[in-house]
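Participant: quick check, what structure comes out for this input:
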Amino acid sequence: MSRLRGQGYDGASNMQGNFNDLKTLILKESPCAFYIHCFAHQLQLALVAVAKKNIPITNFFRVVGNVINTVGASSKRCDLLREKQLDFIVEALEKDVLAMIVEDKSCSCDQRSDATNLLELIQRFDFVFNLQLMKSVLGMSNELSKALQRKDQDIVNAMQLVRLCKRLLQIMRDEGWVSFFEEVCSFCQQHYIHVPNMDDMFVCLAIRGCPQRNSPEITNLHHYRVDLFYSVIEFILELNDCFSEVNTELLLCVACLCPQDSFSSFDKKSLIRLAELYPLDFSTEDGIVLSDQLETYILDMRSNKEFEGLNGLGDLAEKLVLTKKDKVYPLVYRLLTLALILPVATATVERVFLQ
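Facilitator: Residues are numbered from 1 along each chain as shown. All right, here's what the predicted structure looks like:
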């Protein structure tokens, strides 16, 4: 137990909470077994949180779930879905399949009634708008999610990918409204769905399609652009808050080992602090030696052509071993191996849970 240097779980409260969970029990036995929540799973939690904070999006996912349940209730309907060639989300919501259920005399009255109601809902502009919005946002974050689940991904690159995703979302929020709205209108025209006048006052419909009382007086443009487009993207942009389980100081120190751009992230003070976070691996004397070793190490790395163009911690570790520099700078190499343990633990454990 004393040799543990990293732990990661799928987010269940009995695994990674603050009191009698497994994470805390292990930390009591091994204070250096730092807990890093799987980045890919945290991203999922961040995206799910959007539905909890925005009622129209919550309703959208509820309708999506109902459509999938209705269409997938029989193998015959599933076959109809598989025959479609559109994007998966649009494919699953293709109204033609629902229309077939409405006309299918073999279906019960309840099934046909549900299909009729869903068919009406998905042909509304509100549904199409939310569909295209979530398709764009989830599509953008899907690339990040897949990258974060790579087995060879290190924490430094993971942090960079999170920042990149946030940047793309920010660009979409600041500059993407016009092009996005044009795509929504184009989709509506292709499927004969009415597009409301954006200058008209927005009518908030309550249950059964009746206007909701005491609703604020806003235009359609304000509702769709501010209350939905801006709001949803801003919720997801709060990725830093959603990654609260990550030990920020630890990761910032680890980032200083990154070899990219001629070791531009190198910071001697932070790397000494990183060693202090592992008192079982670095004695007081080691800390003094490390300070001098880092001075020579960084001059060597930046002047040695063999260490040019490295992309991540894994590349750096491999090159140090090949050039036998791991023997020249043993304390720096020890820091590097500790840093590499963290993502291996989280990625591997997360895969076990997903399987």
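Participant: the residue lying farthest from the centre of the chain and residue 98, how far apart?
Facilitator: Distance from the C-alpha centroid of the chain, by C-alpha atoms, centre = their mean, peaks at residue 105 (43.5 Å). According to C-beta to C-beta, to the nearest Å, residue 105 and residue 98 sit 16 Å apart. Where C-beta positions appear, they are placed from N, C-alpha and C, glycine not excepted.
Participant: over to residue 291?
Facilitator: Noted for residue 291: a distance of 69 Å to residue 98, by C-beta to C-beta.
Participant: quick one on the thing from earlier: backbone phi and psi for the residue farthest from the centre of the chain, please?
Facilitator: phi -70, psi -20 (degrees, to the nearest 10).
Participant: please renumber the chain so that the first residue is 37 from this point on.
Facilitator: Okay, using 37 as the starting number, the last item reads as residue 141.
Participant: ok, now how distant is it from residue 154?
Facilitator: As defined by C-beta to C-beta, residue 141 lies at a distance of 19 Å from residue 154.
Participant: what does residue 178 give?
Facilitator: 25 Å.
Participant: looking at these two, which is more packed in?
Facilitator: Higher neighbour count among residue 178 and residue 154: residue 154, with 23 against 13, using other C-beta atoms under 10 Å.
Participant: so, low pLDDT: which residues of this structure?
Facilitator: 44-56, 72-88, 107-133, 179-180, 183-195, 241-251, 275-284, 379-391 (pLDDT under 70).
Participant: how about the strands in it?
Facilitator: Using DSSP state E, no strands are found in the chain.
Participant: verify the stated contact: residue 368 with residue 328.
Facilitator: No - the pair residue 368 / residue 328 is not scored as a contact, 11.1 Å apart, by C-beta atoms under 8 Å.
Participant: so those two - more neighbours on which side?
Facilitator: Counting neighbours by other C-beta under 10 Å for residue 368 and for residue 328 shows that residue 368 has the greater number, 22 against 10.
Participant: neighbours of the residue nearest to the more buried one when sequence neighbours are not counted, how many?
Facilitator: Closest residue to residue 368 apart from its sequence neighbours, by C-beta to C-beta, 6 or more residues apart in numbering: residue 333 at 5.1 Å. Neighbour count of residue 333, defined by other C-beta under 10 Å: 22.
Participant: next up, the contacts around the residue nearest to residue 299 when sequence neighbours are not counted.
Facilitator: Leaving aside its sequence neighbours, residue 299 sits nearest to residue 337 (C-beta to C-beta, 6+ apart; 5.3 Å). The contact partners of residue 337, by C-beta atoms under 8 Å, 6 or more residues apart in numbering, come to 295, 299, 343.
Participant: where along the stretch 37-186 of the chain do the helices fall?
Facilitator: In the stretch 37-186 of the chain, helices defined by DSSP state H, counting those that start in this stretch lie at 49-52, 58-65, 75-89, 91-107, 111-119, 124-128, 131-139, 145-157, 161-184, listed in chain order.
Participant: now swap in the stretch 287-391 of the chain and tell me
Facilitator: Taking DSSP H, counting those that start in this stretch as the criterion, the stretch 287-391 of the chain contains helices spanning 296-299, 304-312, 320-339, 349-358, 361-364, 366-390.
Participant: elements contacting the fifth one?
Facilitator: Contact analysis of helix 361-364 by 3 or more C-beta pairs under 8 Å, 6 or more residues apart in numbering; DSSP states H and E lists helix 349-358 as its packing neighbours.
Participant: tell me the angle the helix it packs on makes with helix 320-339.
Facilitator: In terms of direction (axes from the mean of the first three to the mean of the last three C-alpha atoms, to 10 degrees), helix 349-358 departs from helix 320-339 by 90 degrees.
Participant: report the buried residues of helix 349-358.
Facilitator: Across helix 349-358, burial judged by 16 or more other C-beta atoms under 10 Å covers 349, 350, 352, 353, 355, 356.
Participant: starting at the chain centroid, how far to it?
Facilitator: Between the centre of helix 349-358 and the centre of its chain there are 28 Å (C-alpha atoms, centre = their mean, to the nearest Å).
Participant: now the end-to-end length of stretch 209-217.
Facilitator: End-to-end distance for stretch 209-217: 12 Å, by C-alpha to C-alpha, to the nearest Å.
Participant: so what touches that stretch?
Facilitator: Against stretch 209-217 from outside (C-beta under 8 Å, 6+ apart): 168, 169, 172, 208, 260, 261, 265, 266, 269, 270, 273.
Participant: name only those of those that count as buried.
Facilitator: 168, 169, 172, 208, 260, 261, 265, 269, 273.
Participant: turn these into JSON lines, including distance to residue 102.
Facilitator: As requested, the buried ones among the contacts of stretch 209-217 are exported to JSON lines (distance: C-beta to C-beta, whole Å):
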{"residue": "168", "distance to residue 102": "19"}
{"residue": "169", "distance to residue 102": "19"}
{"residue": "172", "distance to residue 102": "22"}
{"residue": "208", "distance to residue 102": "28"}
{"residue": "260", "distance to residue 102": "23"}
{"residue": "261", "distance to residue 102": "27"}
{"residue": "265", "distance to residue 102": "24"}
{"residue": "269", "distance to residue 102": "26"}
{"residue": "273", "distance to residue 102": "29"}
